[in-house]
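need coordinates for the below:
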Amino acid sequence: MGRIHLTKVIKITVGLAAVAILATTTFTAPSEAQYYKGKTIEVIVGFSAGGTDSAARIIASRLSKYIPGNPSVVVKNMPGGGSLKAQNFLFERAKPNGQTIGFNPFQILAQVTGRKGVRFSYPDFTFIAGVKGPASIVVIRNDIVAGGYKKPSDIKNINKKLSYTGRNPLHSIDMVSTAAFDLLGMKHTYVPGFRGSASITTSLAQNETNITGAGSVHWLKHLIPRLVDKGQLSSLFQFGAFQPDGTIKRDPAYPGMPFFEEFYAKALGGKPSGELYRAYKFAEKMRGTANWLVLGPPKMNQEAAKILRVAYGKAMRDPATIAAAKKAVLNPYLHVGFERASKVMDDLRNADPKIVKFWKARVAAQSGGVKRNKKKK
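Numbering: from 1, shown residues only. Just a heads-up that it's a prediction; the model follows:
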């Protein structure tokens with residue numbers, strides 16, 4: 001074996017050490033570090049105070065420290081049309097420089113059904129992040145069954161006309177909940193026009209309506225203390241929490257509460273099937289991907305998009321964000337990344353025409369249903 005000169009050994013050792021340092025160090029390219037320096041990012045929210053605005057602000061408050069250059073991040077409210085005004089603005093008028101993005105509900109059926117006023121296309125936005133909140137559930141008044149509801153098979157013995165406490169036919173909770181009730185043979189009248197957990201809870205308490213869908217905060221903070229603990233209301237099943245990789249798991253907010261398909265098997269035996277179930281699964285997958293989407297205008301600067309995608313992922317995993325989310329909605333928000341969202345956008349772009357036709361007809365029928373008597377308190 002030949003001899004290696006000591007100075008060469010030193011040079012080689014130093015070189016390897018430098019490579020090791022390079023490999024373990026996260027670099028920020030000069031252009032990336034300067035892109036947002038001294039700038040302001042506006043996050044457009046299509047509502048005033050409420051769940052969407054709260055989620056947007058909780059995450060935005062930690063966003064700047066994860067963006068090279070530490071720009072100012074400002075949440076701007078643009079209410080109107082159930083967030084359609086804000087989403088249309090973002091799609092049509094916002095500059096694609098990465099300084100204007102939106103944080104709004106994923107209005108799947110608004111686009112699928114061609115709702116009046118929708119001038120945007122989700123697959124054509126620039127995707128930044130998806131934000132998944134807690135799963136939803138369905139509930140019933142116990143007195144819809146003689147002797148009171150006690151087990152899944154009791155739904156075969158319903159002795160009252162069912163009325164669903166509705167928000168609007170395009171609301172994500174309503175669209176999957178009402179489809180699930182129909183799959184179970186629980187035919188009902190859809191009563192739209194209820195806004196907020198308090199009015200829905202009051203309607204159920206007064207027996208104005210007797211079935212509905214609910215989110216975790218509504219369930220834990222309103223329905224349980226006002227109705228469940230008094231023996232007036234029961235939960236049937238949960239829709240589960242979709243994970244960033246596309247799998248579905250039980251939501252920790254509802255320990256022991258079965259998934260829809262598990263409840264169906266206990267109540268009726270077998271598995272749901274048919275056109276309605278296919279349409280239900282499509283809607284469940286779409287709305288289960290994310291409660292909210294963080295989007296940029298079409299053809300947004302790709303450098304800015306890359307920076308923001310990384311920053312949103314880190315901001316949502318920040319311990320302070322997790323703590324604030326738990327305080328607000330009792331569970332942390334889940335981050336949905338680009339790869340998962342891209343697959344869902346492809347599914348949305350290539351939606352089966354039969355499913356699109358089904359949802360258009362269903363939304364039209366529910367929109368013409370019984371209107372809420374707003375004089376009732």
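
okay, CA-based contacts and neighbour counts for the rest of this
Fine.

summarise which helices and strands the strand or helix carrying Leu276 is packed against.
Using DSSP states H and E, Leu276 sits in helix 275-289. Here helix 275-289 is seen to pack against helix 108-112, strand 126-132, helix 172-183, strand 241-242, helix 338-349, helix 353-367 when contacts are counted using 3 or more Cα pairs under 8 Å, 6 or more residues apart in numbering; DSSP states H and E.

ok, of these, where does mean pLDDT dip lowest?
Note on those: strand 241-242 shows the lowest mean pLDDT, a mean of 74.

adjacent strands (with direction) for that one?
strand 248-249 (antiparallel) (DSSP bridges).

from the chain's centre, how far out does the partner strand sit?
Relative to the centre of its chain, strand 248-249 is centred 14 Å away, using Cα atoms, centre = their mean, to the nearest Å.

immediately after that strand, which helix or strand?
By DSSP H and E, the next helix or strand past strand 248-249 is helix 260-268.

can you point out the buried residues in that next one?
For helix 260-268, the neighbour count (16 or more other Cα atoms under 10 Å) marks Phe260, Glu261, Glu262, Phe263, Tyr264, Ala267, Leu268 as buried.

now those residues in CSV, with pLDDT and distance to Gly193?
Conversion of those to CSV gives the following (pLDDT from 0 to 100; distance: Cα to Cα, whole Å):
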residue, pLDDT, distance to Gly193
Phe260, 95, 26
Glu261, 94, 29
Glu262, 95, 31
Phe263, 97, 28
Tyr264, 97, 29
Ala267, 97, 30
Leu268, 97, 31
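
re earlier: so which of the helices and strands packed on helix 275-289 is nearest Gly51?
strand 126-132 (12.4 Å; Cα to Cα).

show residues contacting that closest one.
242, 288-300, 305, 308-309, 312-313, 333-338, 341 (Cα atoms under 8 Å, 6 or more residues apart in numbering).

pLDDT below threshold where in the stretch 101-250 of the chain?
For the stretch 101-250 of the chain, residues meeting the criterion pLDDT under 70 lie at 243-246.

all strands of it, in order?
126-132, 137-141, 162-165, 188-191, 211-214, 233-238, 241-242, 248-249 (DSSP state E, counting those that start in this stretch).

elements contacting the second one?
Counting contacts by 3+ Cα pairs under 8 Å, 6+ apart, strand 137-141 packs against strand 211-214, strand 233-238.

save the ones you listed as CSV, and put in distance to Leu223 too.
Conversion of the helices and strands packed on strand 137-141 to CSV gives the following (distance: least, Cα to Cα, whole Å):
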stretch, distance to Leu223
strand 211-214, 9
strand 233-238, 8
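
any idea how far Tyr66 lies from Gly133?
Between Tyr66 and Gly133 the computed distance is 22 Å (Cα to Cα, to the nearest Å).

what does Leu233 give?
For Leu233, the distance to Gly133 - Cα to Cα - is 24 Å.

if we can go back for a sec, mind putting the strands of the stretch 101-250 of the chain in a markdown table, distance to Gly38 and mean neighbour count included?
Converted to a markdown table, these look like this (distance: least, Cα to Cα, whole Å; neighbours: other Cα atoms under 10 Å):
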| stretch | distance to Gly38 | mean neighbour count |
| --- | --- | --- |
| strand 126-132 | 21 | 25 |
| strand 137-141 | 45 | 23 |
| strand 162-165 | 48 | 22 |
| strand 188-191 | 50 | 21 |
| strand 211-214 | 43 | 26 |
| strand 233-238 | 46 | 23 |
| strand 241-242 | 37 | 24 |
| strand 248-249 | 41 | 14 |
